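Enquirer: only the shape, not the letters, is given here:
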C-alpha cells in the first residue's frame, strides 16, 4: 500500500502540456521539492499559456521557462519511468492507458476543467485559472499525503 500512496516518480498529463499539467507539476515540486521526481507532458504540443504562468506567479511559482513536451518526446529524452501517471483531461487519460500496456505505471484520472474556455474580462479569465490552480493544490496535498515541513 505504501508504494501506491507514495509514488517516487509522477507524471502529470493533459492535452497540450500548456496549462493544467505544467501547473500541477510546479505545485507538486513546490510541495515535495527534490524528494520525488515529477514531470509533465501532453498528448500534443501546445504553447505555454500566459494565464497559467500568471496564476502560478501569484503564489511565487515561475513556470515561464516551461517548454511543452509530448509523451513521445519525454519518452525519447529520458524514458517514461514513472510510478504514477495522473491524467487531467480525457485525451491524456486515453493516451496514458495505451502507454501502460508497455510500461508498468499506475494511471489516475483527475477530471480537471480547462480554464482556457473561460470568457469575460482578463480578471474573470484569470479567476478560472486560479480555481484550477487551487483545485490541483488541494488534490495533490490530499492524494500524496502532504504534511507541512515535509519537503526538507
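Expert: That came in fine, so what should we check first? Here the structure is a predicted model, which is why all the values come from computation and not from measurement.
Enquirer: show me what the longest helix anywhere in the chain is packed against.
Expert: If you go by DSSP state H, the chain has its longest helix at helix 122-143. Here helix 122-143 touches helix 20-32, helix 50-57, going by 3 or more Cβ pairs under 8 Å, 6 or more residues apart in numbering; DSSP states H and E. Bear in mind the C-beta positions are built from the backbone N, C-alpha and C, glycine included.
Enquirer: can I get those helices in CSV with mean neighbour count and mean pLDDT?
Expert: Below are those laid out as CSV (neighbours: other Cβ atoms under 10 Å; pLDDT from 0 to 100):
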stretch, mean neighbour count, mean pLDDT
helix 20-32, 24, 97
helix 50-57, 19, 97
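Enquirer: where in the chain is pLDDT low?
Expert: 1-5, 149-152 (pLDDT under 70).
Enquirer: and the angle for the longest helix of the chain with helix 50-57?
Expert: Relative orientation of helix 122-143 and helix 50-57, computed by axes from the mean of the first three to the mean of the last three Cα atoms, to 10 degrees: 60 degrees.
Enquirer: flag every buried residue along helix 122-143.
Expert: Neighbour counts over helix 122-143 (16 or more other Cβ atoms under 10 Å) mark 125-130, 132-133, 135-137, 139-140, 143 as buried.
Enquirer: one more: stretch 70-85?
Expert: Applying 16+ other Cβ under 10 Å to stretch 70-85 flags 70, 71, 74, 80, 82, 83, 84, 85 as buried.
Enquirer: so the third one is in contact with residue 81, correct?
Expert: When you say that, I think you mean residue 74. No. Between residue 74 and residue 81 there is no contact under Cβ atoms under 8 Å: 10.2 Å.
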